[in-house]
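Participant: my questions are about this predicted structure, shown below with the sequence.
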Amino acid sequence: GENVEQHPSTLSVQEGDSAVIKCTYSDSASNYFPWYKQELGKRPQLIIDIRSNVGEKKDQRIAVTLNKTAKHFSLHITETQPEDSAVYFCAAKSSGTYKYIFGTGTRLKVLA
Amino acid sequence: KAGVTQTPRYLIKTRGQQVTLSCSPISGHRSVSWYQQTPGQGLQFLFEYFSETQRNKGNFPGRFSGRQFSNSRSEMNVSTLELGDSALYLCASSLPTTDEQFFGPGTRLTVL
């Protein structure tokens, strides 16, 4: 069945350093890959997404890359700040379906 | 525009009881998806509704059911509650023409 693996489960970085979170999906029909940030006690918020016809997308300090051949996609956060501390989830959605498969999350801690 | 709302926000039930959760999507959004979030498991897809029709279903037992009304509001029902049903239940809505989902604040269900 469909599956999305996410690594690492926890990540600690010093303020100002970069953070990278990686996801692997199993369904080759996946064509939409969103990333969500969930702060403690709050709802998940979409921070960036990418479609299968694009290899990379940037939004200020956040970027996502997609390797369709390897079925990998990654979230890159540069110049991390304490307010980036949260749980990040990747997800994949296949064309022709309305079902989103989520990774198990990465708890990012940015140390001041 | 008002965001996605969910009621109630917190619920405590005992084993064997049933529960109904409600989700009101953003105005104009006709797709509503439901997720179960537990520590370590991430977000697991329950089902998705569009125009009162269930289009996709996740791998949950038949005790979990849902429906959508003509105004796009959705409800999910869990019958014969088990301790393992304790979780945060999130709903998300989206426009018919996009994949971007907006989450509600969730309903925290505790089964004793």
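Facilitator: That came through, no problem.

Participant: centre-most residue in chain B?
Facilitator: Nearest residue to the geometric centre of chain B (Cα atoms, centre = their mean): B:W34, 3.4 Å.

Participant: enumerate every residue touching it.
Facilitator: By Cβ atoms under 8 Å, 6 or more residues apart in numbering or on different chains, the residues touching B:W34 are B:23, B:45-48, B:66, B:74, B:76, B:89-91. Glycine gets a C-beta too; all of them are placed from N, C-alpha and C.

Participant: would stretch B:101-112 count as contacting chain A?
Facilitator: Yes. Judged by Cβ under 8 Å from any Cβ of the partner chain, stretch B:101-112 comes into contact with chain A through B:101-106.

Participant: now those residues in CSV, with secondary structure and pLDDT?
Facilitator: Below are those laid out as CSV (DSSP: H, G, I helix; E, B strand; the rest coil; pLDDT from 0 to 100):
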residue, secondary structure, pLDDT
B:Q101, coil, 93
B:F102, strand, 95
B:F103, strand, 97
B:G104, coil, 97
B:P105, coil, 96
B:G106, coil, 97
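
Participant: which of those sits closest to A:N53?
Facilitator: The shortest approach to A:N53 among the residues of stretch B:101-112 next to chain A belongs to B:Q101, at 19.9 Å (Cβ to Cβ).

Participant: so who does the closest one touch?
Facilitator: Taking Cβ under 8 Å, 6+ apart, we find B:Q101 in contact with A:34, A:46, A:100, B:33, B:92-94.

Participant: can you put the residues of stretch B:101-112 next to chain A in a markdown table and add distance to B:Q6?
Facilitator: Listed next are the residues of stretch B:101-112 next to chain A as a markdown table, based on distance: Cβ to Cβ, whole Å:
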| residue | distance to B:Q6 |
| --- | --- |
| B:Q101 | 14 |
| B:F102 | 12 |
| B:F103 | 9 |
| B:G104 | 4 |
| B:P105 | 6 |
| B:G106 | 6 |
